[in-house]
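Colleague: Structure, please.
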Amino acid sequence: MSLFIPTYFSPVSQYAAILNSDNVVFETQDNFQKQTYRNRCYIYGANGRLLLNIPVKHNSSSERKKTKDTLIENDFPWQSQHFKSLKAAYRSSPYFEFFEDDIASIYNKKYVYLVDLNIDSYLFVTDALQMSQEFSKTDTYEITPKIKDYRNLSIAKNGISIEIEEYTQMFDHKHGFIPNLSILDLLFMEGPNALSFLENVKIKE
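Modeller: Below you'll find the model as predicted:
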């Protein structure tokens, strides 16, 4: 059993850790933090590493909001923009067309809470990779949990480095291999074979 922050189409490092966990517990009782993978992911665009960021509503008060209570700001057409970016980056990839309809259903659904979107992205990826890990959510926040703690994998600002066998990426002839992008990069390029790459990932903190 391992503890994770639910993040937006999580980076390869998080799914490598999930693959090695019998059961996944999602932390929903912590405070929302900026500059994390909670509301962002990175894909491989024509100009290199491309950020996809979900706008969230911020409290007017100084009170911190919990992950489970974080609201998406839907006044911006972020979903259509993100889906267009994915299509522009990966429409020529080996497996994008295979997953396109399922991805589209996520971007056509209107979400109120960020955590619901992130869990739907998790369910899509685990189904696509045929991973059988069950998940639950936390009821309370623990600073030092009694289970394996992978919450630090949600930090985007400082970054987590990994060792992974290089796979072909869409624009690596321009910018070289970029590790630890969103799991979508690996999925669209390698399809079912993505599991074999995840099994051999080494996370360096």
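Colleague: buried residues in stretch 4-22?
Modeller: By neighbour count with 16 or more other C-beta atoms under 10 Å, stretch 4-22 contains the buried residues 4-18, 21. In this view, the C-beta of every residue, glycine as well, is placed from N, C-alpha and C.
Colleague: scratch that, stretch 31-39 is what I was asking about
Modeller: 32, 36, 37, 38, 39.
Colleague: Distance of the fourth one relative to residue 28?
Modeller: With distances taken as C-beta to C-beta, to the nearest Å, residue 38 is found 11 Å from residue 28.
Colleague: mind listing the helices for the chain?
Modeller: Applying DSSP state H to the chain gives helices spanning 12-19, 78-90, 96-108, 114-128, 172-175, 183-190, 194-199.
Colleague: Output the below-cut-off pLDDT ranges for this protein.
Modeller: The model of the chain has pLDDT under 70 over residues 60-63, 158-159, 205.
Colleague: list the contacts for the residue nearest to the spatial centre of the chain?
Modeller: Residue closest to the mean C-alpha point of the chain, counted by C-alpha atoms, centre = their mean, is residue 10 at 1.6 Å. Counting by C-beta atoms under 8 Å, 6 or more residues apart in numbering, residue 10 touches 18, 37, 41, 121, 122, 125, 153, 182, 183.
Colleague: what about it, distance to residue 156?
Modeller: Taking C-beta to C-beta, one finds residue 10 at 11 Å from residue 156.
Colleague: what's the overlap in contacts for these two?
Modeller: Counting by C-beta under 8 Å, 6+ apart, the residues touching both residue 10 and residue 156 are residue 37.
Colleague: measure residue 66 to residue 5 for me?
Modeller: Distance, residue 66 to residue 5, by C-beta to C-beta: 12 Å.
Colleague: can you list residues touching both of those two?
Modeller: Contacts common to residue 66 and residue 5, judged by C-beta under 8 Å, 6+ apart, are residue 30.
Colleague: Find the pair from the buried residues of stretch 31-39 with maximum spatial separation.
Modeller: 32 and 37 (12.2 Å; C-beta to C-beta).
Colleague: does residue 4 really touch residue 26, like I thought?
Modeller: Yes - the criterion here is C-beta atoms under 8 Å, and residue 4 meets it with residue 26 at 5.9 Å.
Colleague: Which of the helices of the chain sits closest to residue 137?
Modeller: If you check each of the helices of the chain against residue 137 by C-beta to C-beta, helix 114-128 wins as the nearest, at 8.3 Å.
Colleague: And that closest one, what's buried?
Modeller: By 16+ other C-beta under 10 Å, the buried positions in helix 114-128 come out as 114, 115, 117, 118, 119, 121, 122, 124, 125, 126, 128.
Colleague: Please apply the same query to stretch 155-169.
Modeller: Residues 155, 156, 160, 162, 164, 167, 169 are the ones in stretch 155-169 that count as buried (16+ other C-beta under 10 Å).
Colleague: Chain neighbours aside, what residue packs nearest to the first one?
Modeller: It refers to residue 155. What sits nearest to residue 155 in space, not counting adjacent residues and going by C-beta to C-beta, 6 or more residues apart in numbering, is residue 36, at 5.8 Å.
Colleague: Identify the residues contacting that neighbour.
Modeller: Residue 36 sits in contact with 5, 7, 154, 155, 156, 157, where contact means C-beta under 8 Å, 6+ apart.
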